[in-house]
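Undergrad: no FASTA, just this:
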């Protein structure tokens, strides 16, 4: 059958025709879209679970509405929680967007609403930052730009979108890379003396759980933390490779489940372990959901599951999709590595900490008190941060320099009455991973003069 070809531009050499019978490049070959759609549904359900949990535990009131002050990010002082019932509606809208993502209802719009609502929630207070929030944000951006929602979705069922059962293989690889970067970066961050030589902070965390039945006595042994630290390092640095190898993939995923179930049972780290267990199956064959469904259907009939028919056609993605995915890839490399550009140890000064995916690497305990000096009268007064901020905010600002500076400048605004300028200094100490405590910041430094630059 004759096919139409686009006319060549005037003066341009005709593009060479591909050899007859040649296969498309590996990264561009068509593969089943089932794994991306399963990822989309898992992502949406995680959003619903996290926001419902947020509402059920009363965190909207205690974390957003109760604080008199929020420790904002530099440049985002204008971000604030909606007043009163608006804060609850905000979180509810994010939950509804998550449900719409899972169901594939106005999928791209739902992802856009989720991203705006979720990022706003995270920008309200920097002391609430968690590394896996960064993962969820980037994964949300990736799903927003990829053509998801074209299968097993209400958009297809209602005729809003044309169904599509295939995608270019590189899109699946992009999703795999987004999940895999968490493991790899976390493993690289563990290459330090505290983790490899001292077995800290796992030693302190496990010792605090020595009352657990059966395994509790093991946690008191000095070698347990060291063995666990090395096991965690090896897991993080190698698990992506094992997941990519077809023969080891089932065993690797079993290790993922066992690892994250263990961390969920031992440590209070929210939904992160469950998120990784639900998102990591993207490393399986792109057609794994289809094959699983076929296997389930075959159980009652006592017959072998039917093979999934091969896919042969795929529409070329728009240029802007490729550019957007490339931009997400660059962010995944640059943001976690930027702390190497700053002087000092990120563990101590946390310069470049946000977005670094340094998961469960430090245990910090700190103390701080502020001294406010009225420059007009020369009188000074000590300010206890517990009198100004919520306990959970104090715990973070006492151990993080950027939040300490933000808190000092908030205190300065509170005490600058009648136009009097005040100076604020901090007597702050911190212990990291059980090391002897040290002073966090120069006691003579007026923190109102420190520029809060985003790092």
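TA: Nice, I can see it. For clarity, every value in this text was computed on a predicted model and none was experimentally measured.

Undergrad: Downstream of the host helix or strand of residue 426, the next helix or strand is which one?
TA: According to DSSP states H and E, residue 426 maps onto strand 422-432. Scanning forward in sequence from strand 422-432, with DSSP H and E defining helices and strands, the next element found is strand 438-439.

Undergrad: any idea of the mean pLDDT in stretch 232-252?
TA: On average, the pLDDT along stretch 232-252 is 96.

Undergrad: in that stretch, what counts as buried?
TA: For stretch 232-252, burial by neighbour count (16 or more other CB atoms under 10 Å) applies to 232, 233, 235, 236, 237, 239, 240, 242, 243, 249, 252. Yep, even glycine has a C-beta here, placed from its N, CA and C like the rest.

Undergrad: nearest to residue 177, of those?
TA: Comparing the buried residues of stretch 232-252 against residue 177 with CB to CB picks out residue 240 as the nearest, at 9.1 Å.

Undergrad: show me the contacts for the closest one.
TA: Taking CB atoms under 8 Å, 6 or more residues apart in numbering as the contact definition, residue 240 lies against 180, 183, 184, 283.

Undergrad: run the last query once more with 10 Å
TA: Shown here is residue 240, whose contacts under the criterion CB atoms under 10 Å, 6 or more residues apart in numbering are 176, 177, 179, 180, 181, 182, 183, 184, 187, 252, 280, 283.

Undergrad: got it, and residue 395?
TA: Counting by CB under 10 Å, 6+ apart, residue 395 makes contact with 127, 364, 365, 366, 385, 389.

Undergrad: Likewise for residue 347?
TA: Contact criterion CB under 10 Å, 6+ apart gives 189, 192, 194, 339, 353, 358, 361, 362, 364, 432, 433 as the residues in contact with residue 347.

Undergrad: Which parts of this protein are strands?
TA: Under the criterion DSSP state E, the chain contains strands at 30-32, 166-168, 364-374, 380-383, 422-432, 438-439.

Undergrad: So for the second one, mean pLDDT?
TA: Spelled out, that is strand 166-168. Over the span of strand 166-168, the pLDDT mean works out to 92.

Undergrad: Over to the last one?
TA: For strand 438-439, mean pLDDT rounds to 92.

Undergrad: Paired strands for that strand, with orientation please.
TA: Listed by DSSP bridges, the sheet partners of strand 438-439 and their directions read strand 422-432 (antiparallel).

Undergrad: quick one, the partner strand and strand 364-374 angle?
TA: Taking axes from the mean of the first three to the mean of the last three CA atoms, to 10 degrees, one finds strand 422-432 and strand 364-374 inclined to each other by 170 degrees.

Undergrad: Residue ranges in the stretch 301-450 of the chain under the pLDDT threshold?
TA: Counting by pLDDT under 70, the stretch 301-450 of the chain has low-confidence residues at 301-317, 418.

Undergrad: who are the neighbours in contact with residue 248?
TA: Residues 241, 242, 255 are the ones in contact with residue 248 under the rule CB under 10 Å, 6+ apart.

Undergrad: Go again with 6 Å.
TA: residue 242 (CB atoms under 6 Å, 6 or more residues apart in numbering).

Undergrad: Tell me how many other residues crowd the closest residue to residue 401 other than its chain neighbours.
TA: Sequence neighbours aside, residue 349 is the residue nearest to residue 401 in space, at 5.7 Å (criterion: CB to CB, 6 or more residues apart in numbering). Residues lying near residue 349 (other CB atoms under 10 Å) number 18.

Undergrad: separation between residue 349 and residue 201?
TA: For residue 349, the distance to residue 201 equals 18 Å [CB to CB, to the nearest Å].

Undergrad: need the contacts of residue 240 in CSV with distance to residue 400, can you?
TA: As requested, these are exported to CSV (distance: CB to CB, whole Å):
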residue, distance to residue 400
176, 33
177, 30
179, 27
180, 28
181, 24
182, 22
183, 25
184, 25
187, 24
252, 35
280, 30
283, 34
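
Undergrad: Mind checking which of those land in helices?
TA: Within those, residues falling in helices by DSSP state H are 176, 177, 179, 180, 181, 182, 183, 184, 187, 252.

Undergrad: and which of the contacts of residue 395 is nearest residue 208?
TA: For those, the closest approach to residue 208 (CB to CB) belongs to residue 365, at 12.5 Å.

Undergrad: what's across from that closest one in the sheet?
TA: When bridges are taken as DSSP bridges, the partners of residue 365 come out as residue 431.

Undergrad: That one and residue 204, how far apart?
TA: If you measure residue 365 against residue 204 using CB to CB, the figure is 10 Å.

Undergrad: can you map out the helices along the stretch 301-450 of the chain?
TA: Along the stretch 301-450 of the chain, the stretches classed as helices by DSSP state H, counting those that start in this stretch are 319-337, 346-349, 391-397, 401-415.

Undergrad: Residue 361: what's it in contact with?
TA: With contact set as CB under 6 Å, 6+ apart, residue 361 has these partners: residue 189.

Undergrad: on that earlier part again, show the buried residues in the ones in helices among the contacts of residue 240.
TA: If you count burial by 16+ other CB under 10 Å, the buried members of the ones in helices among the contacts of residue 240 come out as 176, 177, 179, 180, 181, 182, 183, 184, 187, 252.

Undergrad: got the contact list for the closest residue to residue 353 other than its chain neighbours?
TA: In space, not counting the residues next to it along the chain, residue 353 is nearest to residue 346; the distance is 5.8 Å by CB to CB, 6+ apart. The contact partners of residue 346, by CB under 6 Å, 6+ apart, come to 339, 352, 353.

Undergrad: so what pLDDT did residue 5 get?
TA: For residue 5, the model assigns a pLDDT of 43.

Undergrad: Next: the one 5 residues further on.
TA: Each residue has a pLDDT score; the one for residue 10 is 42.

Undergrad: And residue 123, by the same measure?
TA: In the predicted model, residue 123 carries a pLDDT score of 96.

Undergrad: same question, residue 452
TA: Taken from the predicted model, the pLDDT recorded for residue 452 is 78.

Undergrad: before we move on, what about residue 44?
TA: Model confidence at residue 44, expressed as pLDDT, equals 97.

Undergrad: Okay, it and residue 211: tell me how far apart.
TA: 38 Å.

Undergrad: go on, residue 278?
TA: Look at residue 278 and residue 211: by CB to CB, they are 30 Å apart.

Undergrad: Those two: who's more crowded?
TA: For residue 278 and residue 211, the more surrounded residue by other CB under 10 Å is residue 278, and the numbers stand at 19 against 8.

Undergrad: Surely residue 365 and residue 430 touch.
TA: No: at 7.1 Å, residue 365 does not count as touching residue 430 under the criterion of CB atoms under 6 Å.
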